Structures are given as structure tokens and as C-alpha cells.
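>>> Take a look and give me a structure for this.
(chains A, B, C and D, ligands or ions: 8)
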Number of protein chains: 4
Amino acid sequence: MSLLIRGGTIVTAERMARADVLCADGIITAIGPDLEAPGGAVVVDAEAAFVMPGGIDPHTHMELPFMGTVASEDFYTGTAAGLAGGTTMIIDFVIPGPTESPLDAYHIWRGRATKASADYSFHVAITGWSERVHAEMGILAQRHGVNSFKHFMAYKGAIMVDDGVLLNSFARALELGAMPTVHAENGEAVFHLQRSLLAAGITGPAGHALSRPPAVEGEAAERAITIANVIGTPVYIVHVSTEQAAAAIARARATGQRVFGEVLAQHLVIDESVYHHPDPAFAAAHVMSPPFRAKHHQNALWAGLASGQLQTTATDHCCFCAPQKAAGRDDFTLIPNGTGGIEDRMSVLWHHGVRSGRLTAQEFVRITSTNTAQIFNIHPRKGSIAVGSDADIVVWDGAALRRISASTHHQNVDFNVFEGMEVTGVARHTIAGGALVFTEGDLRAVRGAGRYIERPCFTPA
Amino acid sequence: MSLLIRGGTIVTAERMARADVLCADGIITAIGPDLEAPGGAVVVDAEAAFVMPGGIDPHTHMELPFMGTVASEDFYTGTAAGLAGGTTMIIDFVIPGPTESPLDAYHIWRGRATKASADYSFHVAITGWSERVHAEMGILAQRHGVNSFKHFMAYKGAIMVDDGVLLNSFARALELGAMPTVHAENGEAVFHLQRSLLAAGITGPAGHALSRPPAVEGEAAERAITIANVIGTPVYIVHVSTEQAAAAIARARATGQRVFGEVLAQHLVIDESVYHHPDPAFAAAHVMSPPFRAKHHQNALWAGLASGQLQTTATDHCCFCAPQKAAGRDDFTLIPNGTGGIEDRMSVLWHHGVRSGRLTAQEFVRITSTNTAQIFNIHPRKGSIAVGSDADIVVWDGAALRRISASTHHQNVDFNVFEGMEVTGVARHTIAGGALVFTEGDLRAVRGAGRYIERPCFTPA
Amino acid sequence: MSLLIRGGTIVTAERMARADVLCADGIITAIGPDLEAPGGAVVVDAEAAFVMPGGIDPHTHMELPFMGTVASEDFYTGTAAGLAGGTTMIIDFVIPGPTESPLDAYHIWRGRATKASADYSFHVAITGWSERVHAEMGILAQRHGVNSFKHFMAYKGAIMVDDGVLLNSFARALELGAMPTVHAENGEAVFHLQRSLLAAGITGPAGHALSRPPAVEGEAAERAITIANVIGTPVYIVHVSTEQAAAAIARARATGQRVFGEVLAQHLVIDESVYHHPDPAFAAAHVMSPPFRAKHHQNALWAGLASGQLQTTATDHCCFCAPQKAAGRDDFTLIPNGTGGIEDRMSVLWHHGVRSGRLTAQEFVRITSTNTAQIFNIHPRKGSIAVGSDADIVVWDGAALRRISASTHHQNVDFNVFEGMEVTGVARHTIAGGALVFTEGDLRAVRGAGRYIERPCFTPA
Amino acid sequence: MSLLIRGGTIVTAERMARADVLCADGIITAIGPDLEAPGGAVVVDAEAAFVMPGGIDPHTHMELPFMGTVASEDFYTGTAAGLAGGTTMIIDFVIPGPTESPLDAYHIWRGRATKASADYSFHVAITGWSERVHAEMGILAQRHGVNSFKHFMAYKGAIMVDDGVLLNSFARALELGAMPTVHAENGEAVFHLQRSLLAAGITGPAGHALSRPPAVEGEAAERAITIANVIGTPVYIVHVSTEQAAAAIARARATGQRVFGEVLAQHLVIDESVYHHPDPAFAAAHVMSPPFRAKHHQNALWAGLASGQLQTTATDHCCFCAPQKAAGRDDFTLIPNGTGGIEDRMSVLWHHGVRSGRLTAQEFVRITSTNTAQIFNIHPRKGSIAVGSDADIVVWDGAALRRISASTHHQNVDFNVFEGMEVTGVARHTIAGGALVFTEGDLRAVRGAGRYIERPCFTPA
Ligand SMILES: [Zn+2]
Ligand SMILES: [Zn+2]
Ligand SMILES: [Zn+2]
Ligand SMILES: [Zn+2]
Ligand SMILES: [Zn+2]
Ligand SMILES: [Zn+2]
Ligand SMILES: [Zn+2]
Ligand SMILES: [Zn+2]
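Numbering: from 1, shown residues only, chains lettered A, B, ... in the order given. Ligands and ions are numbered 1, 2, ... in the order given. From the prediction side, this is the model:
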């Protein structure tokens, strides 16, 4: 089966050029001006559009069991919504309990993900430490294509790990050539503040932000970076939301340390005022960790992306509907943490990033796709428009307008944090695995069409 | 009993002026030009000398039981050596075990200290957390004049506390109007590195420095500052030895946070090359935590003192003789940590600080005495030359020379880290509690003459 | 003539203590509890009040000829207004034209100032360079008590100097033991922006702020600091108004360089929104350089004062009435630059600084008086409550309230930038030169009672 | 004429892949595995080698008339030496005198450069300001392919410009869509220090470094960045050699400003100790501006390249032989400034950068070629291995060793600052314009084969 993308301007991390793209059997087979369409080929119109690597969302939580409920978006619906927005791959998280087997958990998540309509891969969380965990990290890395391990510095009493675990796990990752990643918040401080706020009678969603002030994230980022420095490993900080964490990353990089930072589309454009909304359900719908921040943090995040000190964008897509969020009606610490965004990330980044002049189109490609592929070692299979690469492509209309709304989105959740936002920049067509899965508003996602993508380790140290 | 200091130039934190000083019954009773000596008054010659508040060493460990042995210097010998160097008061540390009662420990330390020849006070360490600890902090603060509590972020498996304890204890200190202080090193990282180094066959003293790299201190300082910020309390970082920790303090202060930093005389002038000395006993004699650092860190410490970002100087005086240090001959982690310095701090600071042009004489007074008195709320009783203040005074010959040596010092230890250093700046006379206790080389310290100094709490928050 | 201040709490840079203060012949002659009032002594009630060194305003421009007009406040009215607010001394500026003689100008200013009702001294501006200027700096420093020289890095075409002049003058100041000071704004950039804004039709007062963005001040501060570093001299930056300049100072100090920064009371509490006021006369009344800034800069200034990285506070008191300000009705570059504040500085600092918890009372004394006296080498004659010091004292009621208004102030200007501000902290009595010149609202300033204060040079390098 | 590069691993800014490369008529025409060699094609062996975009040196001064002499290397010899080292293009500088016509100067330089053996382009220096200069910038940008203008902030009395010129020229460049670049040193400070040093009898080459301390560069970088910020234009800082300048760039980038920095191969590996060499001729041979620095600056430069905060590498290739350097025998200010390096840049970067683990091969390509091509808008014609790009290619043997020496180099100068350095990483073949111009040590450069490369402006603002 072949497909020809005709008339567009290819944008990659490195270059921009008018050319057609031919795909066959899920692979890009030719790039050049005025390519011939083979017999039977689907021809996709890219006139006046950009042809870019499909987005990769390196941070999603489909159907995650969390805080007593399960995320509403499953691997099928979630990946399908991604396709509608130009995202053709996700890296989700396997999260075992502290005493559970990472390897067993991995298999459970693999099972859940078979329904995915786009390619997927898994970071595996290390939530406790034992000889078994040490051994299974090896098995996962060497036999199952897991080259990154996640660590939660928050969520005390659940999946939080202490510095001892970080040290052991980072050292093991280095040994394997895998990348350690961290959710950076000082969980002890969060816990202490939660108790103090509740004791003071602050039980509503505003308490959520108060319990996780910016310094608590900055501190944890600094600590994770120091631990990586001590071990001699690179490290990747997920969902950087503050000036403090961005500065910690930049300081480390200025000494030559290899530290990477991820930013969520949500944090780039939404600020903490949402928690003061008169409707507590609206506020609760925005509860995620790290929380939304005072507006001045946004500039640090945009500048980090523009300057290359922050490398990737994600969504931490983790959806809970209003009835689920309502579990924390009387106690903000019980509100399931998470917001959605996989369908809108690319548009939000294009509109507020490229159209505003903050980012070039090539930088857009880097931070939505290529950098993630490189950091997690699946480039140039993913994140590239090149002969031999997977045919995961978005034909992007950089001038088309759309209005974001829960009433029209494909995400399986009853709320959209970008509700009402008019964005310029729309996926005209999405091609995944060589198939046209979204075209001019028509979503043709196929349940189970997604494949598990093994990510080989880097050369071990 | 009265004593007249004649002909000197008074230097305080604020001013310099020629004047005589009259003391009676342990108190300064008059300051002015050409005072009359009352009948029977001891007359002390201060011609061509500075009359300054006696030094206060806010960080000593006399006769400390530590790492399987006991520090060689006891409260008598240690305070006497201090008097010989112009230091008239110490603040030592009560260090209970993690499950012991801080209050009981306080009483034990009070018993030990009755032999002191100079005034003393105690920080009390919080090494574990329980309702009892919470209650005893109140008793210590409200009934026993303890307005500062110490926390060790290192020494895993012994007295290290985690962030949860820091949060609880800082909050309790704030409630009481007491100052939390921290030994800032990431103990988990130190432990991990110790294991790795030993496993790699690095067993000698050089391993000590390798197991405690600068980032490990910088990280912990940042964390303690963040925790203080979250709680809303000031915080005092003991023995700042790195650019990283100094920078963390300066960054916090630049946002208005009240953070204080202490520097040891030793770190200002000795660098990490001592650990590479061919004689392992020499290297072991320098084992302390934080360890000596690469030379470039020293400039940050001097600049911190000159700019007011670091406020106090101390010694962490904690002496172990060669046979004690030898316990770690085959394993650097067993070397008792500590070096001496109480007798030499003032001279080292004067010589390398004032004579070199880095500091003014008034800044010298601030960082050797007044700032400590103010931060720990015993000013103007201590740290001042003023009518009504305790008659703790050093008559300082800023031009006299002396050569530091273990063979001549008064400290009860067989080694001096400043061995052979020629310093300009010598205590000509030391007056403590109104008595002439050191005069032109003659030490007249009296066992038991020191008094316990209660330090009232600040107004609680 | 003698005067006894009874029942107050003395606050100095170093300490706080209850004591009475006796003054005779313009000098403090005794300090102690329960002093006897000599026969005929004026007795001043200080019950429940603080007795503090009179404020020193290190930056005023009385009756300055500037931008085609002359400041409305003369040396008599201006110093009198200062006395009403607790300020007992000013350091004004002698500003010769670029080709004029600094020495001649000095004599002209001396003549103008004879009418002053409080003590005064002069910084002399170096606005051009020649052998004569070089020579006259020596005469001023050695014979006329001028130990500081001012340099304008802005006001192109008028008094701006280039880096060549700064280098020569800083080197000469170092040679003399005098302090170079700078108005730090890149005058070329300001000029360029002024031309561009006018060309774009932006002629109103909002253009003033747009023509002097924060970076323009930060750059110039950095440059002045570098030039001081190259020459090896300390340097004092007047009216620091931005995060950028405060950060430049802090960075230099963190390397041990001696850099000092002054903050205006106005910049601490007023922000740039004043330039968008619908009444252009209101906006014009706020035109000064540097201009008011976005609100977030204020925290950096307060934190700089609290942390000791910025040392002094001033007002740049330079008053123009509405008809004078109106000269720039059609061209913001013609609005005479300046605002008043000498009467209100102390209250504004106490209310927003001490009452808010940002500063202690001792820090208040340092930044309103003592630090200035020390930096400009007139301490302890000024800036201190000590026997032998000049009897320049304010009896400060820290709890009394007053409402600032042009309708009630003593300043000779028709506008008050603090109009309507309710402040806690009022001068109950002001004593200058031993005389009670302001008491419970009654201003008794005496024309000509002020004396010229010689400021001796520091030991030349 | 066609040429096939067979068996190598292509490395571009974005990716690495094994593939052959076919060139015809100076253009890359095909890339893929196992390409067929057309009849008559030259076949170049790339087994076990990397096939990378030819190096671009964005900073050279061939046959520059400077300081009373003319650089020894002309456009032919210099570009030929570049080819021997894998560099296939230079951007040289047209430098008119302050009152000369930039356009006339451009034509003069174009004439000189016709002898070049590799492609070349020109930055044009703006050394004075007038209506004519303003007009000619437009002509150069719009008709002659000049999209960058250079400004010297040093060299007082010669080509130095003040901030007024910078402002005018930057504004004009923005208008045209051209990039302003600066040599950042405070020329007034340098001049002042030169006079002082000479007056103090310091006449030897060591004086050169003393007259240009790091702060003087950091200050100028900060100033240029501020001016760019005020104007709203990107800016490119040539030869960043200090922590201070690197930090200034990083600080600006962290706010989102577009600032670029260039590093010289020489500054990355040579330190200031060369100026203390006993042989003054040796020291003089290292005289360049900025001078070599204390060793700790090097880490900041390497980290800047690794983190992406500094983007390009160059050589400032400007050669003077010993008799020329001797002009400054008695006065260091007369030593012609400049060192060579065009032949060795790539090897030095590979050896100390890639082999040491500081940089990846892809980062090497970015900083030696691609980033320069992108910043100066000639990508993907240059700096890329792609169909349609110019066939400027280096076949790089990353494991081959060579020993750098003036006795073997192709540069027309009698000295090599890297003399004796053993480097791993050698150009096995260099292809320029589709021709094999250097192969296994055999240099086949053709006089006049180089072409002038027009660089189109960016979209004007
Ligand atoms: Zn997370
Ligand atoms: Zn997550
Ligand atoms: Zn300690
Ligand atoms: Zn200690
Ligand atoms: Zn000014
Ligand atoms: Zn002024
Ligand atoms: Zn240059
Ligand atoms: Zn150059």
C-alpha cells in the first residue's frame, strides 16, 4: 500500500524544503520534487501546508489506575485523539506499586495497550528498590526495549521514592545505557503542606496549588540533577513548570552536564488563576501536578524551548471526568491529578509558539517530535522525514483556524483545559504507519493498529 | 573587681574610636577617653591595639562522643584554648541519638560543660521526630534558653534526618521563635559514594573528599533553604564550604528570604590537596565534613563574608588525635570526622582577611562575634563593646606575628591544620567575664569559670 | 544649650536599648538610663518611641538648574521639609557643565546652600575631562572635603560622559581615596529610543518610560562596575531601580568586589502604571530617571536592602511644579526630570519596610542613615547615636499614622508622588545640631542653620 | 563531472546513517545505500569514515591590512589550507576605515578574493556612521548578498564604534533582515589599561593579556546584547572567550532573546600561560584579541557548545609571521593581533570535543558547519548533506592521528599555536564544489575555484 504526499513543504529539525513524500509499507521510500504516484497510491494534498514528522508525546497516562479510579482515556481513544491532532506516537508509563514487579507491570501495560491506534512505547517507573528491581531493569532494558526509567519524587505514601532509590536506580540505568527521568517535586514538603492546609480548613482546589509551591519543584529538580551528576548519568526532568526548575537545568547545562527538560503544553498557556474560579468543579478539572503557576513562569518555559535549554513538549495526558474529580470535593488531596491535552498540544504550540514569533517552524518540529525521538533513541525511525523512516507524518496547515472545545474534541473526557481557545495551526492530514488516519476532520483511527516500539539502550557506560 | 583597658582603639560592628574601657563585676561599666582606674583595678595595656568584642565560636564539639570515640578536647581545655586565641564564648552542640530525649541529652551536656573556662551555650540537635521531641523542643526553648536547633542532613544510619523531620522541626522552631540550623550534605549521596568508592578499592583518606563532592553540599543547602521557605522560617547553614552552597544562599537572600551562612576558618585557607599528602596520617588528620575543597571555592567564601551574604565564622572544633584517626586506616569512612581551630580562628581571619585587604576591621568584628550574637539573640550582652555588655573583650595586636604550631598551641590535640602558618594578628590580652584570662602569652583560664548562657527565643511567629 | 531625650529606645545600626540621650552644644554628651536634665535643658519626650540617628539623604538636587528651569525646592525649604520627616542631613550634587570648572561650580553651590536649615555636603559631578578637571578633583578632595564624584552615563548632549571619562575619573578618585558614583543608564540607547518614539508619534509621558527600559539601566550598571573593577576602585550606583541592576551589583559583590547601591523610596512603592494615567499632568509629575518600573522590580529592591546587597536609600529629591513640567506637554523629552520625597522617605521606608516585616528597625537605621555615613566617611559623626556624635536625632513614633499629601507637606512643590498614602511611622521630634527643629508637627527650621560637612577622603590607594 | 563517496556513515546535524553520496556538477544528486557510480565518476573511499558537511569557518581575515602590515595568508593559500583541514567555505570580513565607503571596500575585498580556492562570503564591518553608510548597507544587503554586518567595540582610534553607531547600525540591519555581529571588548577600557601598563614599564606581550581582562569582554557582550534587545534584533557575538560573555549570552537566551555566540578553536584549548613564555617571540605569536584566558574559562566554552548556548566555531584566522609580530617588540600594543587555525579547527574540535566525550558527532557537525549555515542563511545549500545541496563534503577519519606542526601545515605562516599537538580526527578527503581537492594528504586546491556566495537577507522586520 502506498501513499504520496504532494505539494507540501517538508520541515524537519534541520531544514525546510518543498518536496513530495512517498510512503510504502509504512515506510518513507522517496522524497523529492514532483514524485510520481504509483498505481493505487493514495494521494494526499499538501499544497500550502507543511509536511512534518508526526508529533510524539513523551508523557501520557492512558487508562491509568490512580488515586482510586482509572483515567477515562484508554489506549485506543487516547491515541486516536492524538492522531486527530497530528500526534502519531506516545510514550506512556508503566507504574508498578512500590513492592510490585516492574517486569510484571510492564506486561500488564503491554496488554492494555494492544488496543492503541498509534505506535507507543513505555517508560517504566521505579517506585521501590530491591535486588529484583535491579535485575528486572536489566531484563526490561535488554530484552524489552525499555531505555528509560521514571522516578516520582512526590506522592508520599504511594509511589514516591527517596534519594537512596534514586541513587541506586540512576546508577543501574547508567550501567544499562538507559535514561533516568524524574517527576520533580519534594513530596515530603507537599505532604507537610497538604496536612497544614487541611488543618487550616483549606479543603478546596486552591489548596492544591498552595501545597505545591514553585520552590518545591525547583528544589527537587536541583536534587535530581545533583544525583545524576554524582552518578555521572544524563537525566530528563518531566513537566518543568517553573522558573526555578528551568534555571536549575540551565545552570547544570552551563557546566556541561547533560540534563533535559520537558514542558507541558498546558503549563505554557494556562496560569494559576484557574484555581480561583468560582466553580469548584472547574478548578478541580485543572488539578494536576505540578499545578498551574503564576503567569511569569510561562516566559521562562517558552525561552527555555527557544534557547534549547528545554527540549521536549508533552501533555501528561491523564484524564478524569467530573464525577471522578468530585471525589475530592471536600479534600483537595483526593482530587485525581491530571488533565488532558494530547489532541491539542500541536495546535497550542504552533499558535502560541510559532505564530507569535517565539519559535521557528523547525524548532516546532524539534520540540514536538525530533528531540524526543533522539533523547529516547528511536531517531531516525521516528521524528524525521527521511527515506527509511517510519511513515508517521502530519500535513500541517499553519494558517487554518480551529476552536478547541470538549464538545468537539475526540478525547474521552468531559472537559478541555483549552476550552474556547482559537488556535491557528491544524492537522490537515495525519499519516501513521503509512496509513491516512485523519484527513480534513475525518478520524479513521483503527483500534489495535498501533505497534509497540522498542527503544534500544544507548551504549552502556 | 574592676579592670581598665587603657589606650586602645575600640572596634565594634559599627564603629572605631579611641577610648578606654572600664569593667567591673564582669560587666562593661564605662567607655570613654582617659578613664580613671578605680583603686585596685587591673590595668590592661591596649596601646596600639584594637579593643574588640571577644570572639564567639558558634560551632564547637567539645568532648563529643562520635564515631566510636570521644573528641580529645574537653570543655575546659577547649574553652581555654579559645581564650588564648581571643575567643570568649562557644556555642556547642547537644546531640542525642535518634531515639533519645533531647532534653535528657541537654542535661548530660550541661553536666559535661561545667568545667568550661569560658561562657558557653548549646544548640540542640533534632535527630529524630516524635511527639516527645516536639514537646521537649518547647521545654528547651522556653525554660532552658535554647533558641536554635540543629539538623544533620548527612550521617546516614546515625544522626541523619529526612525532609519529613526537617519540615516538622522547622515548623516547631518557627512556632517557638527558635532558629533552625543545618549541616547541609545529601547523606544518601554520601553513603552511596562511600559504598562505591570502597567497592572500587579506594579506602584511603582521599576517598573521603571523593565521597562528598561540592554538588552534594550545594544540593542540601538548596533543599534546607526551600524547606525553610515553605515553612516561612529563617534558617542558618553551618560550615558553608562551596561556591554552590554560597550561591544557593545568595539566591535565596536576593528574593528577601532570611538565610544565614557560617564559614569555618579552615575552609577559607586550606584546600583539598591535603588529602593527597603522601602520609595517610596527615591526610586523615584533615578528614572533616564537609571536606576541604578545590581552591576556587575559597574566593566565594571570602566574598560571601565581605558582601554580607555569609555572616559568621566558626571552627567546628572537634579534635581527634592520631591514634583515634587511625581507626580509619583501612576504611576512610571510619576516620573520626573533625579538625581543631578554636585557638587560631581569629588570627587566621585577621591575617588572611583583614591584612590582605579583603575585610575591614569592623567586618572582622561582625563575622567573628557580633553577627553570631545577633543571630542567636544574645546581643548586646555578647558581641558588643558597650556599657552594660558582658566584659568579654580581646585586646588585639593587629601587627604582631605568631607562628601556628601543634607544638605550642593550647589545644588538646596532637595536630594543627594550620601548622607552620605565620599569621599577623595576635590576642595580646583576653578578658572574659571581666577577668584577665590571657595576657601576653600567659594563659590563666580557670576551670569552671564559664557560665551557661541562656539564649531567649525570638518573638514566636 | 542642652537637650535631654527621655524615655525612648535607642536604635542604632548595631543595637536597640532603652536609654536617655543628652545633647549639648550640638553634640551627644551622654547616653544612659535615667539621665539628669541639666538646668535649662530642653526635655524631649521619647516615651514609646525610638531614638534613632537622623536620616541622611545622600541624593538631593535643591534649586538645581536643569532642563531649562530650576528645581522649585531650594536649600532652605528642602532641608526644612527633610527635618519635618526626620532627615537631618543631605548630600546634594554640584553639577558643572562639561566644559565648566568643577571647583568654580562647587563654590557656586556652596553659596546657594548657605540658606540650608540642616547640614549638607556635596558630591561633585565630573561631566567632562581635562587636565584642569584632574587637578580640581585633587583640590576638592584635599581641601574642600569632597570625597565622592558623580558621573552621568545618560543625558546625551548635556552632562553625559563616555567610558573614557569614567576610566580617567575613577582612576583619579582611587588615587585620592574618593568614591566614584554613577547614574547608570545607557544614554546613547535612551537618546536613540527617544528619537524613535518621537518619530513614531509617541510624545506623551508614557514615552519617557519606553525610552528608558530596564535593560538600559542594567547594562550601564554592569559597565560602571566593570570599569571600577578594571581600575580597582569601589563604586556606588545611585538610584538602582531594576532587577537587572540589583543583580549586576550582587554578582560583583559575590566575587568580592566592593560595589554599593542606593534605592529611592519612590521606586520601592510606585510602579510604571502612573505613566498611563489619563491626566498627562499627573503622568508628567512622575517623570524622573530612571522611571518607575513594572511592579516585580520592587521585590528585588526590597530584598537587596534586606540582604545587604543594596545599602542606602535616598530620594533624588528634585522638584518641579506643574507649570515647569508642562514644558514637555508636546514632547516628553522636554519634561524636567525629577520627583520629590525628602519629607516622606523615612515614613515610607518604615511603613512598607519595617511594619510589613521586610526590615528590622536596625536595618531601617542602616539604610536610612548609618550606611550612608559610613560609605561617605562621616561616621560616627553622623549616622550614629553615640557620645561625641553630632546631635542629629529623630525621635520616631513607630505606631503613629499620617496621611501624605501635597496639601499638607512642607516641600515647596505642588505635587506629592505618595499623595494619599497612609503611613505608620512618624517623626515625633527631630533634633538637628542639638536643636529641636521639629516637634509634634511644629516645624522650627532655621534658615542658614545648616553647616557644610566636610567628608575626608579614605586612605588613598 | 561526477563523484561517488562510497561506504561511509553520513553525519548531519540531525542524523547518522550509512549511505553513499553521489555528486554531479557541484551538487549532491543522490544519497542512498549502494549507489552505482556513473561512468567516469571519481570514486572516493569512505569506509570506516564519516561523511559530513564541509566545515564553514565564519570568521577569517585573509590578506587583511591591519596595524601597519598585511596578514600573510591570502585568499588562495588560506582557503587551500582550509581544504586540507576539511573546511570548504569561509566568511571573511570587509573592513573599511571609519570614513570609507563600505560598498567600495566590499568591491576591493571581492577583488582580492577572486584567487580563493574555496567558496567564500563576506561580513561587512560598519566602522563609522553616516547617511551614506546607511544607504550602502541597503545596497550590500539587497544587491550583493551581504546579510551580516560586523561592529568592533574595541580598537579605539581605529575601527572602534561607540554605542550610537551600534544603535543606528543594528536598527538598520533589523530593517534589512540582516544580522549584526560584534567583536565585544570595551575599547576604552583596553586603551586605558594599555596606557597604564606602558606607563608602568610593562611593554612585553604579557601586557597584552593584562590590558584585556575577562570583565572587559563580558561587559561589552552584555552591552551589545542590551542594544540588540532595545532594537529588537538578534545579535551574534564573535569569538566568545570568557565565562562572563558566555554567561551574558545564556542570561539573555533564558529570557527568550535571540543571541548567538561563536567560539574559536584556539580559546578552547590554549590558555594564558603562553604569554609568560620565556621567548617573547613565542608569546607575541599568541597575541590576538580577545587574548588567551585562564584555564577555567575553557569549561564554560565547551559547556556552551554542548548545551547549545554557543552555536558556532571559528578561527579568526589572521596570520602574521615573526618579522611582522616583531613590530611590537618594545610595545605590546604594536604587535599585530592574530593567530592562524583554519587548517586545524576541525581536528582540534574532534579530538578535544568528540573524542573526549564532550560532544557527539552530530553536535560536531552543527558547530563546525550547520549552525553557521543556518545563522547566516545559506542552509541547506551549505552545511548539509542532502540532495540539492552544494557538494562541499569532508570524509572524516575519526580515528586517524596527526601531529600538528608549522613545519607540515599548509598555512602560509611560520607559526602554529597548536604546534606539537597530537590530534585524532583527520580529513581523509575533502570535496569542494563537487571536486576532490584534498585526498589522503594530497592538496589539490585550485586558485580561483572558489565562488562568492551570496547570502540572502532574512525577512525584514
Ligand atoms: Zn508527574
Ligand atoms: Zn505524568
Ligand atoms: Zn557538620
Ligand atoms: Zn559540627
Ligand atoms: Zn540620576
Ligand atoms: Zn539625581
Ligand atoms: Zn575580533
Ligand atoms: Zn576577527
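
>>> what's the average pLDDT for stretch A:67-78?
pLDDT averaged over stretch A:67-78 equals 96, rounded to a whole number.

>>> For it, buried residues please.
Burial within stretch A:67-78, assessed by neighbour count using 16 or more other Cβ atoms under 10 Å in any protein chain shown, is assigned to A:Met67, A:Ala71, A:Ser72, A:Glu73, A:Asp74, A:Phe75, A:Tyr76, A:Thr77, A:Gly78. (C-beta placed from N, C-alpha, C; glycine too.)

>>> Check the offset of it from the chain's centre.
Centroid separation for stretch A:67-78 versus its chain: 15 Å, with Cα atoms, centre = their mean, to the nearest Å.

>>> residues in contact with that stretch?
Counting by Cβ atoms under 8 Å, 6 or more residues apart in numbering or on different chains, stretch A:67-78 makes contact with A:60-65, A:81, A:90, A:92, A:112-117, A:120, A:317-321, A:324, A:327, A:334-338, A:340, A:342, A:410-413, A:445, A:447-448, A:450, all of which sit outside it.

>>> The stretch 251-400 of chain A: strands as residue ranges?
Per DSSP state E, counting those that start in this stretch, the stretch 251-400 of chain A carries strands over the ranges A:259-264, A:312-314, A:393-403.

>>> Against which helices or strands is the first one packed?
So the one you mean is strand A:259-264. For strand A:259-264, the contact count by 3 or more Cβ pairs under 8 Å, 6 or more residues apart in numbering or on different chains; DSSP states H and E identifies strand A:55-60, strand A:235-237, helix A:243-253, helix A:296-307, strand A:312-314 as packing neighbours.

>>> Let me have the ones you listed in JSON lines, extended by mean neighbour count, mean pLDDT and distance to A:Ala399.
Output for the helices and strands packed on strand A:259-264, formatted as JSON lines (neighbours: other Cβ atoms under 10 Å in any protein chain shown; pLDDT from 0 to 100; distance: least, Cβ to Cβ, whole Å):
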{"stretch": "strand A:55-60", "mean neighbour count": "29", "mean pLDDT": "98", "distance to A:Ala399": "19"}
{"stretch": "strand A:235-237", "mean neighbour count": "26", "mean pLDDT": "98", "distance to A:Ala399": "34"}
{"stretch": "helix A:243-253", "mean neighbour count": "24", "mean pLDDT": "98", "distance to A:Ala399": "31"}
{"stretch": "helix A:296-307", "mean neighbour count": "22", "mean pLDDT": "98", "distance to A:Ala399": "22"}
{"stretch": "strand A:312-314", "mean neighbour count": "28", "mean pLDDT": "98", "distance to A:Ala399": "21"}
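
>>> Throw the ones you listed into CSV and include distance to chain D, thanks.
Conversion of those to CSV gives the following (distance: least, Cβ to the nearest Cβ, whole Å):
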stretch, distance to chain D
strand A:55-60, 15
strand A:235-237, 14
helix A:243-253, 4
helix A:296-307, 4
strand A:312-314, 14
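
>>> still on that earlier bit, return the most buried member of the strands of the stretch 251-400 of chain A.
Between the strands of the stretch 251-400 of chain A, strand A:312-314 has the highest mean count of neighbours, a mean of 28, where neighbours are mean count of other Cβ atoms under 10 Å in any protein chain shown.

>>> ok, residues contacting that strand?
Outside strand A:312-314, the residues that reach it (Cβ under 8 Å, 6+ apart) are A:57-60, A:238-239, A:260-265, A:268, A:305, A:345, A:349, A:367-368, A:371-372, A:375.

>>> circling back: among the contacts of stretch A:67-78, which ones lie close to chain B?
Taking Cβ under 8 Å from any Cβ of the partner chain as the test, chain B is in contact with none of the contacts of stretch A:67-78.

>>> Please indicate which of these are buried?
Applying a neighbour-count criterion of 16+ other Cβ under 10 Å, the buried members of the contacts of stretch A:67-78 are A:60-64, A:81, A:90, A:92, A:112-113, A:115-117, A:120, A:317-321, A:324, A:327, A:335-338, A:340, A:342, A:410-413, A:445, A:450.

>>> so what's the closest residue to chain C within chain A up against?
Sorted by distance to chain C under Cβ to the nearest Cβ, the residues of chain A start with A:His296, at 7.0 Å. A:His296 is in contact with A:Glu243, C:His296, counting by Cβ under 8 Å, 6+ apart.

>>> coming back round to it: for the buried residues of stretch A:67-78, give me JSON lines that also has distance to C:Glu131 and secondary structure.
Compiled in JSON lines, these are given as follows (distance: Cβ to Cβ, whole Å; DSSP: H, G, I helix; E, B strand; the rest coil):
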{"residue": "A:Met67", "distance to C:Glu131": "79", "secondary structure": "coil"}
{"residue": "A:Ala71", "distance to C:Glu131": "80", "secondary structure": "coil"}
{"residue": "A:Ser72", "distance to C:Glu131": "83", "secondary structure": "coil"}
{"residue": "A:Glu73", "distance to C:Glu131": "80", "secondary structure": "coil"}
{"residue": "A:Asp74", "distance to C:Glu131": "85", "secondary structure": "coil"}
{"residue": "A:Phe75", "distance to C:Glu131": "83", "secondary structure": "helix"}
{"residue": "A:Tyr76", "distance to C:Glu131": "86", "secondary structure": "helix"}
{"residue": "A:Thr77", "distance to C:Glu131": "84", "secondary structure": "helix"}
{"residue": "A:Gly78", "distance to C:Glu131": "80", "secondary structure": "helix"}
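
>>> Just the ones of the contacts of stretch A:67-78 in helices?
Residues from the contacts of stretch A:67-78 lying in helices, with DSSP state H as the criterion: A:Ala81, A:Arg112, A:Ala113, A:Gln324.

>>> Quick one, which of the strands of the stretch 251-400 of chain A gets closest to C:Ile27.
Distances from C:Ile27 to each of these were compared using Cβ to Cβ; the minimum, 62.4 Å, belongs to strand A:259-264.

>>> Parallel or antiparallel, list what pairs with the closest one.
strand A:235-237 (parallel), strand A:312-314 (parallel) (DSSP bridges).

>>> mind checking which of those strands is nearest A:Gly26?
Set against A:Gly26 and scored by Cβ to Cβ, the strands paired with strand A:259-264 come closest in strand A:312-314, at 24.4 Å.

>>> The closest residue to A:Val394 other than its chain neighbours: how many residues sit nearby?
Computed as Cβ to Cβ, 6 or more residues apart in numbering or on different chains, the closest residue to A:Val394 that is not its neighbour in sequence is A:Gly86, at 3.7 Å. When neighbours are counted by other Cβ atoms under 10 Å in any protein chain shown, A:Gly86 registers 29.

>>> closest to D:Leu3 out of the strands paired with strand A:259-264?
Across the strands paired with strand A:259-264, the minimum distance to D:Leu3, taken as Cβ to Cβ, is reached by strand A:312-314, at 39.1 Å.

>>> For that closest one, what is the distance to the chain centroid?
Distance of strand A:312-314 from the chain centroid (Cα atoms, centre = their mean) equals 5 Å.
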